[in-house]
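# below are the sequence and a predicted model; questions follow.
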Amino acid sequence: MPRRRLGILISGRGSNMMALAEVARDPASAYDIALVASDKPDAAGLAWAAEQGIPTFAQSPKGMPKAEYEAAIDTALRDAGVEALALAGYMRLLTDDFVARWRGRIVNIHPSLLPKYKGLDTHARAIEAGDSHGGCSVHIVTEELDGGEVLGQARVPILPGDTAEALAQRVLAEEHRLYPRIVAEWLSR
Ligand code: GRF
């Protein structure tokens with residue numbers, strides 16, 4: 001099967017993007033990273049990707065209508081031949097129009113065991129609720145926030161006295177294992 005061309009959208013440090021890119025180095029990988037794009041021109045992950053020789057694109061949405069901003073991202077992705085898109089700490093909501101144009105071809109990693117704790121502050125909410133486990137989920141992106149089909153999850157025990165930060169760190173380590181594996185399975189199906 002030819003390697004699929006994956007685009008990645010980031011806003012910050014991009015550790016999940018790095019995990020995806022590390023796996024793409026394997027000649028047997030199901031995908032190549034065709035483009036890393038960001039709404040933050042100074043995102044740390046963007047500099048890392050450029051250093052690795054991965055094509056990058058940055059477009060700040062400041063001072064322009066959202067439709068225009070997303071059109072620029074969309075054009076960059078299509079120009080790079082992107083077939084499927086992984087969100088990796090991309091901190092903006094995609095418009096319904098954008099989601100419709102990429103229907104079924106966008107995945108996201110979310111730091112909770114969906115359908116629990118959509119949105120922000122997931123780890124603090126899991127601890128406060130007295131849950132035995134936190135975790136992360138990879139899901140298809142739809143118009144509903146964190147609401148599409150779940151493709152895979154990893155569970156992480158919540159320890160006595162856990163803080164949101166400590167739990168976030170342990171979940172993040174699992175995110176880095178889960179995301180590349182699920183993306184590869186998804187692109188091969
Ligand atoms: C991760 O916790 C991910 O689950 C969430 O945003 C964070 C991104 O971290 N969507 P990074 O930029 O991949 O390091």
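Good, I have the coordinates.
# tell me which residues in stretch 17-25 are buried?
M17, M18, A19, L20, A21, V23, A24 (16 or more other C-beta atoms under 10 Å). Every residue, glycine included, has its C-beta placed from N, CA and C.
# for the protein, give the helix that spans the most residues.
Assignment by DSSP state H gives helix 164-188 as the longest helix of the chain.
# quick one: is that one near the ligand?
Yes - Helix 164-188 lies within reach of the ligand by C-beta under 6 Å from any ligand atom, at L172, E175.
# give the other helices and strands that that helix contacts.
Counting contacts by 3 or more C-beta pairs under 8 Å, 6 or more residues apart in numbering; DSSP states H and E, helix 164-188 is packed against strand 4-10, helix 15-24, strand 31-38, strand 84-87, strand 106-110, helix 122-128, strand 133-140, strand 150-157.
# now the first one: mean pLDDT?
To tie it back to what came earlier, the one meant is strand 4-10. For strand 4-10, the per-residue pLDDT values average out at 98.
# burial of R189, as a residue count?
7 (other C-beta atoms under 10 Å).
# and for A80?
Residues near A80, counting by other C-beta under 10 Å: 18.
# and which of the buried residues of stretch 17-25 is nearest to the ligand?
M17 (6.1 Å; C-beta to the nearest ligand atom).
# my guess is that closest one meets L87, correct?
No - the criterion here is C-beta atoms under 8 Å, and M17 misses it with L87 at 9.7 Å.
# give me the common contacts of the two.
I8 (C-beta atoms under 8 Å, 6 or more residues apart in numbering).
# from I33, how far off is the residue lying closest to G14 once chain neighbours are set aside?
Once flanking residues are discounted, G14 sits nearest to G45: 1.9 Å by C-beta to C-beta, 6 or more residues apart in numbering. Per C-beta to C-beta, to the nearest Å, G45 is found 12 Å from I33.
# please apply the same query to D96.
With C-beta to C-beta as the criterion, D96 and I33 are 27 Å apart.
# with neighbour numbers in mind, choose between those two.
Neighbour count, other C-beta under 10 Å: between D96 and I33, I33 has more, with 24 against 10.
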